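K.L.:
what would the 3D arrangement of this be:
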Amino acid sequence: MTDETCQWQGWREATERALYGPEGFYLRPEGPAGHFRTSVHASPLFAAAVARLLGEVADELGTDEVDLVDVGAGRGELLTAVLAAVGSSLTVRAWAVERAARPAGLDPRVEWTDRVPGGVRGLLFANEWLDNVPVDVAEADARGTVRYVEVAPDGTERLGGPVTGPDADWLARWWPLREPGARAEIGRPRDEAWAAAVGRVAAGRAVAVDYAHVRASRPPFGTLTGFRAGREVPPVPDGSCDVTAHVALDACADRAEHLAPDAAGRPAPDAGPAARAPDGGGTGPRAGAGLPRAELVTQREALGRLGVSGGRPPLALASTDPAGYVRALAAAGQAAELTARGGLGDFLWLTQRVPAEGAR
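P.N.:
Down below sits the predicted model:
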């Protein structure tokens, strides 16, 4: 393939077209669940934990009427399961934010939209959304100059022009490339998308869950990859596979901390069709501009707080309640998958609390 026949683009533009353009990967009828398994699909324990989290937020707000916004909602699987788990204990106003068409048969209580609604009072939850916000890729050339990586429709790459302006500033702060051949995904669009989403929350919490990294442990060659039919494949921006990359969640946290207080509950930057965090996890940064500290913990810790444990049930239960023991054993197996080291348990949860205006 020659330069004349290639349609060279930056990875951000190419990914946008491949995932969300006409016949894009995420607009297919089978949806994400047809190609890969998220925590939502792994076990109903995940939705039950989100339901408990929603209850905590309602208690903090002192109400039994609460909003639940699922950003990157897929085909509404999480919302459907959370509404079932909540039952009649809360009155939930539910929104699914997704660029695909509303699926047939979805619970009529769910409002389907391609934009994050404003004035949210409750929980905004984004499970594996930010990793599919398209980003550009940068690479240091043989002389150490950091350049954009351009890609052709068949996945062939070449180095383009030098990275300058806000993208260069982002790399210098969050992901410096110091050696020839080092690569990074420029996470600035994800920072802005997350800040805009947090800015739509008037009171409550915003939670992003994703495979992620922080400044102290950036991968030296980036994480750009593809998925198709349950398998990892080379990233090819032709609509045939998912194109994704891990998220620099510490950078997202920082951006939201500085922008969200001015926007909460009021018009905010577009959150997409649809506080520095610590280098090593744990609690978040010094609060700034009126918001509490953001928190960044593993899924293992977050779900543990919400009652999800992979511990085996006591063997004595097998004698007194054999059926109960089998159910508990199955639940423990599912919990173990959600919290496993080297797997879903290593996902990071970014939580930004947004107090009501008078409480700031």
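K.L.:
where exactly do the strands run in the stretch 251-360 of the chain?
P.N.:
For the stretch 251-360 of the chain, the strands defined by DSSP state E, counting those that start in this stretch cover 282-283, 295-298, 348-354.
K.L.:
so what strands line up beside the longest one?
P.N.:
Next to strand 348-354 in the sheet, as set by DSSP bridges, lie strand 201-210 (antiparallel), strand 295-298 (antiparallel).
K.L.:
residues in contact with that strand?
P.N.:
194, 198, 201-212, 214, 249, 252-253, 256-257, 260, 264, 275, 277, 281, 291-292, 294-299, 301-302 (C-beta atoms under 8 Å, 6 or more residues apart in numbering). In this view, the C-beta of every residue, glycine as well, is placed from N, C-alpha and C.
K.L.:
return the most buried member of the strands paired with strand 348-354.
P.N.:
When the strands paired with strand 348-354 are scored by mean count of other C-beta atoms under 10 Å, the highest mean neighbour count falls to strand 201-210 (a mean of 25).
K.L.:
export that strand as PDB, just CAs?
P.N.:
Output of strand 201-210 as PDB, limited to C-alpha atoms (Å, rounded to 0.1, in the frame of the first residue of the first chain):
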ATOM      1  CA  VAL A 201     -23.900  16.400  38.300                       C
ATOM      2  CA  ALA A 202     -25.600  19.000  40.600                       C
ATOM      3  CA  ALA A 203     -25.200  16.800  43.700                       C
ATOM      4  CA  GLY A 204     -24.200  13.200  44.300                       C
ATOM      5  CA  ARG A 205     -21.300  11.200  42.900                       C
ATOM      6  CA  ALA A 206     -19.700  10.500  39.500                       C
ATOM      7  CA  VAL A 207     -17.900   7.200  39.200                       C
ATOM      8  CA  ALA A 208     -15.700   6.000  36.300                       C
ATOM      9  CA  VAL A 209     -14.600   2.400  36.100                       C
ATOM     10  CA  ASP A 210     -12.000   1.300  33.600                       C
END
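K.L.:
return the distance of that strand from the chain's centre.
P.N.:
11 Å (C-alpha atoms, centre = their mean, to the nearest Å).
K.L.:
could I get the strands of the stretch 251-360 of the chain as CSV with mean pLDDT and distance to Val135?
P.N.:
CSV is the format used below for the strands of the stretch 251-360 of the chain (pLDDT from 0 to 100; distance: least, C-beta to C-beta, whole Å):
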stretch, mean pLDDT, distance to Val135
strand 282-283, 37, 26
strand 295-298, 96, 19
strand 348-354, 96, 17
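K.L.:
and those strands as CSV, adding distance to Thr320?
P.N.:
Output for those, formatted as CSV (distance: least, C-beta to C-beta, whole Å):
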stretch, distance to Thr320
strand 282-283, 40
strand 295-298, 34
strand 348-354, 36
